[in-house]
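Student: Sequence first, then the predicted structure, then my questions.
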Amino acid sequence: MGDTLSQAEIDSLLNALSSGEMDVETLNETPEKSVSNYDFAKPSKFSRDHLRTLEIIFENYGRLLSTNLPAYFRKSVQVEVMNAEANTYSEFSNALSNPVLLGVLNFAPLSGNVIIELAVNLGFTIVDRMLGGFGNPLEKDRDFTEIELVIVERILEVCTNLLVDPWENVVAIEPRLERIETNSQFAQFISPSEMTAIITMNIKIGDVEGLMNICIPYTCVEKVIDKLNTKYWYSAMKADLSGQFQDSIQDIIDYAKIPVRAMLGRSSISVNDFANLQVGDIIKLDTKVDDELDVYVGNIKKFTALPGATSKSYAVRVTSIIREEQ
């Protein structure tokens, strides 16, 4: 056994203790083990990698919002992902105020609901812009009217449909906006102790800023939690791109125009001779009549060829192909 001391090692150790070279307290010292606290009330179901992948997904989602929403608001829209964190649903629901704008999303084929909380000032800005106003939020919060909720619902449906593309590398979803809630007391859609991932996004419509919080319960993404890692996400995205766009890229390359030139030869003359060149003067090149010419594609020497003519145009006939390894 590797931990058993030999007799010689035991004698050496006893001699060191008796001579004072080694202290008994030194032998009793054991390195302290680092212990991390674990909160059983908040089990860490979402790892850092899971949250980082969700950030990447919603960064893509933010770009789609910035591109599509200006068509409805006729104003610039800037979206930025602030952070992603894991919390219990009770912490999320307790932070809600009244009135509140909550969109309840069905994330089929995944089970459960995803909650989108939109800042109230953004809701009134959306209503004002959609009705032809300047997009100024109300100075004092009030409840939304039925007509205003219908307008906000249409925009939230657009935001819901834009979730398809960012999630396609993880799972093919068919999200659907089920309803809108404006009272935080009716926001108990899942168990208060359920762990959720909360992605916070800052949205700026013109000069008005507000937050959008997306609450994703663990039970909703439990079936695809293994796919919520950056390694899988990037590999799936790469495979998707190579398979989906390879033919299109090939077609575009096939019709790309590139310059092709044949080099007849080279020569060097003095500046004085160049300045005094006249029609009929002959410049001697460094090639012979029966020498092969170098043919360049762009700036790469790709072929050798012999000069000739076809109809009334000059031409070259390719004699060999220069490979990259040459």
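Tutor: Noted; the coordinates are in hand.
Student: Please, which helix or strand holds the residue sitting nearest the centre point of the chain?
Tutor: Among the residues of the chain, the smallest C-alpha distance to the mean C-alpha position (C-alpha atoms, centre = their mean) belongs to residue 56, namely 4.4 Å. Using DSSP states H and E, residue 56 sits in helix 48-68.
Student: which helices and strands sit right next to that helix?
Tutor: Helix 48-68 is packed against strand 77-88, helix 164-167, strand 195-205, helix 230-254, with contacts defined by 3 or more C-beta pairs under 8 Å, 6 or more residues apart in numbering; DSSP states H and E. Placement of C-beta: from N, CA and C, glycine included.
Student: wait, what's in contact with residue 310?
Tutor: Listed by C-beta atoms under 8 Å, 6 or more residues apart in numbering, the contact set of residue 310 is empty.
Student: Need the pLDDT of it.
Tutor: Reported pLDDT at residue 310 in the predicted model: 84.
Student: Relative to residue 316, how far out is it?
Tutor: Distance, residue 310 to residue 316, by C-beta to C-beta, to the nearest Å: 10 Å.
Student: Equivalent analysis for residue 279, please.
Tutor: On the measure of C-beta to C-beta, residue 279 and residue 316 end up 26 Å apart.
Student: Tell me which of those two has more neighbours.
Tutor: residue 316 (20 against 4; other C-beta atoms under 10 Å).
Student: In contact with that one, which residues are there?
Tutor: Residues in contact with residue 316, defined by C-beta under 8 Å, 6+ apart, are 262, 293, 295, 305-308.
Student: how about the nearest residue to it, chain neighbours excluded?
Tutor: Using C-beta to C-beta, 6 or more residues apart in numbering and skipping residues adjacent in sequence, the residue nearest residue 316 is residue 305, 3.8 Å away.
Student: re earlier: could the contacts of residue 316 be laid out in CSV, adding secondary structure, neighbour count and distance to residue 102?
Tutor: As requested, the contacts of residue 316 are exported to CSV (DSSP: H, G, I helix; E, B strand; the rest coil; neighbours: other C-beta atoms under 10 Å; distance: C-beta to C-beta, whole Å):
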residue, secondary structure, neighbour count, distance to residue 102
262, strand, 17, 70
293, strand, 20, 74
295, strand, 20, 67
305, strand, 17, 72
306, strand, 14, 77
307, strand, 16, 77
308, strand, 9, 77
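Student: Which members of these are the farthest-apart pair?
Tutor: Farthest apart among the contacts of residue 316 by C-beta to C-beta are 295 and 308. That separation is 12.9 Å.
Student: I'd like to know how many residues surround the closest residue to residue 193 other than its chain neighbours.
Tutor: In space, not counting the residues next to it along the chain, residue 193 is nearest to residue 88; the distance is 5.7 Å by C-beta to C-beta, 6+ apart. The local packing of residue 88 (other C-beta under 10 Å) involves 17 other residues.
Student: how near is residue 88 to residue 160?
Tutor: With distances defined as C-beta to C-beta, the gap from residue 88 to residue 160 amounts to 25 Å.
Student: could you list every residue that touches residue 206?
Tutor: Contacts for residue 206 were tallied using C-beta under 8 Å, 6+ apart; they are 73, 75-76, 125, 135.
Student: what do you get if the cut-off is 6 Å, keeping everything else the same?
Tutor: For residue 206, the set of contacting residues under the criterion of C-beta atoms under 6 Å, 6 or more residues apart in numbering consists of 75, 135.
Student: In terms of pLDDT, where does it sit?
Tutor: 87.
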